[in-house]
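Participant: Dropping the sequence and predicted coords here.
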Amino acid sequence: MLILLDQDGVLADFEHAFLDAWRARHPDIAPVEYEDRKSFHLLEDYPEALRAKAEAIYTAPGFIRTLPPVPGAIEAVRELLALGLDVRICSSPLRQYDHCVLEKYQWIEHHLGRDATERLILTRDKTLVQGDLLIDDRPGITGAARPRWQHILYDAPYNRQETGRQRLTWQNWRNVLAGALYHSDT
Ligand SMILES: Cc1cn([C@H]2C[C@H](O)[C@@H](COP(=O)(O)O)O2)c(=O)[nH]c1=O
Ligand SMILES: [Mg+2]
């Protein structure tokens, strides 16, 4: 069983790190609260006049490297590996890739160890990556190929419009994955 884990929003807490940085930089401008987020791309939830400020935060040197882990994520990865599952981290670099490519590797090394960096797959098209399950917070993942993996949504306010889908968190993952593993034909 090959499990692909997205990094931003699944292992690394992109959203809350953004909010913390925004409040520090712009204490006079209210951000969009996490539970009020509607679009996957946070820029779409901000007025045009604030988008440059928002983009400057998540493209800044160190932002990706210093993202806090999503609570429970690191422990879950370790448990999945201990269960003998083949776990890969499948992430898309920002279009503004200048800092995030190296910093995604540094983040993994810091939280999971140097060997775990061998598990990182960076691509702008996740449909090209083989796997049995993809755990990702992004709704509607499309690309050039017909994906082999089953997409399990990592629950977030901006993907709750996707109804009738399995939704995983690092609090319920054992139940959700047991179901997916049980129904998997591999
Ligand atoms: C802008 C933005 C980005 N991310 C994360 C999601 C991916 O891991 C990368 C690249 O995103 P892109 O949409 O493929 O350029 O950054 C995110 O989680 N939220 C955002 O608003
Ligand atoms: Mg993500």
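Facilitator: Thanks, I have it. Ligands and ions are numbered 1, 2, ... in the order given.
Participant: Identify the residue spatially nearest to Glu75, adjacent ones excluded.
Facilitator: If the residues on either side of it in the chain are set aside, Glu75 comes closest to Trp170, at 7.6 Å by C-beta to C-beta, 6 or more residues apart in numbering. C-beta: built from backbone N, CA, C; applies to glycine.
Participant: Go ahead and confirm that neighbour touches Ile74.
Facilitator: No. The criterion here is C-beta atoms under 8 Å, and Trp170 misses it with Ile74 at 9.0 Å.
Participant: more neighbours, those two?
Facilitator: Each of Trp170 and Ile74 has its neighbours counted (other C-beta atoms under 10 Å); Trp170 has more, 20 against 14.
Participant: Let's verify that one: helix, strand, or coil?
Facilitator: Using DSSP: H, G, I helix; E, B strand; the rest coil, the three-state assignment for Trp170 comes out as coil.
Participant: and the nearest residue to Ala180 once chain neighbours are set aside, bridged to which residues?
Facilitator: Take Ala180 and drop its neighbours on the chain: the residue closest to it by C-beta to C-beta, 6+ apart is Leu133, 5.7 Å away. Taking DSSP bridges as the rule, Leu133 bridges to Ile3, Gln150.
Participant: Determine the number of other residues adjacent to Leu133.
Facilitator: 24.
Participant: residue contacts, the residue nearest to Glu75?
Facilitator: 70-73, 75-76 (C-beta atoms under 8 Å, 6 or more residues apart in numbering).
Participant: Stretch 112-130 vs ligand 2: in contact?
Facilitator: No. Stretch 112-130 does not reach ligand 2 (C-beta under 5 Å from the ion); its nearest approach is 10.1 Å.
Participant: count of neighbours near Ile3?
Facilitator: 23.
Participant: cool, and Leu94?
Facilitator: If you count neighbours by other C-beta under 10 Å, Leu94 ends up with 18.
Participant: same check, this time on His110
Facilitator: Neighbour number of His110 under other C-beta under 10 Å is 14.
Participant: And Gly62, by the same measure?
Facilitator: 10.
Participant: Let me know the secondary structure of it.
Facilitator: Under three-state DSSP, Gly62 comes out as coil.
Participant: what's near enough to touch it?
Facilitator: 99, 103 are the contacts of Gly62 under C-beta under 8 Å, 6+ apart.
Participant: so how far is Leu50 from the residue of the chain positioned farthest from its centre?
Facilitator: Ranked by distance from the centre of the chain (C-alpha atoms, centre = their mean), the top residue is Asp28, with 28.8 Å. Asp28 is 12 Å from Leu50, where distance means C-beta to C-beta, to the nearest Å.
Participant: same deal with Leu134?
Facilitator: Distance, Leu134 to Leu50, using C-beta to C-beta: 32 Å.
Participant: Check which helices and strands the helix or strand bottoming out on mean pLDDT in the chain sits against.
Facilitator: Least confident helix or strand of the chain, by mean pLDDT, DSSP states H and E, is helix 173-183 with a mean of 82. Helix 173-183 sits against strand 150-154, strand 167-168, with contacts defined as 3 or more C-beta pairs under 8 Å, 6 or more residues apart in numbering; DSSP states H and E.
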